[in-house]
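Enquirer: all I have is the shape, not the residue letters:
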């Protein structure tokens with residue numbers, strides 16, 4: 001099965017490079033709720049196509065926290081992946097389009113920290129899904145204001161995430177420095 005998963009990752013690779021570019025071109029500074037929510041909506045659309053469960057922790061001033069779960073019907077302990085959708089720089093700082101790409105590299109806001117990590121996690125989930133993995137739930141938790149110290153003033157999103165992951169068998173932070 002491992003070889004089959006790696007074959008599937010290879011098959012999906014170019015699609016996910018395009019997804020990586022698309023999602024990083026949605027500039028999403030922490031204080032711009034609408035922009036951060038657009039990033040969340042992008043990933044929700046991918047999840048809907050796979051019939052994965054989508055939950056929101058709604059926030060008034062920051063982007064909504066999103067929890068996407070593959071295999072939500074499984075009763076085994078879940079695996080949790082976590083990343084943040086917000087970025088540091090103001091919209092337009094990198095020009096238009098925000099992302100530049102050549103044959104080897106991709107440059108722009110969020111390509112490493114942390115949209116690139118989210119895309120890599122989504123690729124792994126997609127490959128597992130396509131290979132028939134149903135053993136346990138796999139959750140993707142999308143945080144919305146990490147770049148400005150999430151939880152320092154508004155602890156509710158972090159408390160939500162902690163509640164979601166309290167029984168997980170593994171937790172992976174997708175930060176990509």
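Expert: Cool, got the structure. No experiment lies behind these values; they were computed from the predicted model shown. Numbers count the residues shown, from 1 in each chain.
Enquirer: only C-alpha atoms for contact and neighbour calcs from this point on.
Expert: OK.
Enquirer: ok, residues contacting whichever helix in the chain runs longest?
Expert: Using DSSP state H, we find that the single longest helix of the chain is helix 2-24. For helix 2-24, the surrounding residues in contact (Cα atoms under 8 Å, 6 or more residues apart in numbering) are 39, 42, 98-99, 106, 108-111, 115-116, 119-120, 123-124, 127-128, 130-131.
Enquirer: in stretch 102-114, what counts as buried?
Expert: 106, 108, 109, 110, 111, 112, 113, 114 (16 or more other Cα atoms under 10 Å).
Enquirer: confidence score at the fifth one?
Expert: So that's residue 111. The model reports residue 111 with a pLDDT of 93.
Enquirer: thinking again about what came up before, now intersect the buried residues of stretch 102-114 with the strands, please.
Expert: The members of the buried residues of stretch 102-114 that map onto strands under DSSP state E are residue 106.
Enquirer: out of the buried residues of stretch 102-114, who's nearest residue 59?
Expert: Residue 59 lies nearest to residue 114 out of these, by Cα to Cα, at 20.2 Å.
Enquirer: doesn't residue 84 make contact with the closest one?
Expert: Yes - assessed by Cα atoms under 8 Å, residue 114 is found in contact with residue 84 at 5.7 Å.
Enquirer: which neighbours do the two have in common?
Expert: Counting by Cα under 8 Å, 6+ apart, the contacts common to residue 114 and residue 84 are residue 175.
Enquirer: avg pLDDT for the longest helix of the chain?
Expert: Mean predicted confidence for helix 2-24 is 94.
Enquirer: continuing past it, what's the next helix or strand?
Expert: Going down the chain from helix 2-24, the next helix or strand is helix 33-49, by DSSP states H and E.
Enquirer: and the contacts of the helix or strand following that next one?
Expert: Downstream of helix 33-49, the first helix or strand assigned by DSSP H and E is strand 53-57. For strand 53-57, contacts defined as Cα under 8 Å, 6+ apart pick out 44, 47-48, 64-70, 72, 157, 160.
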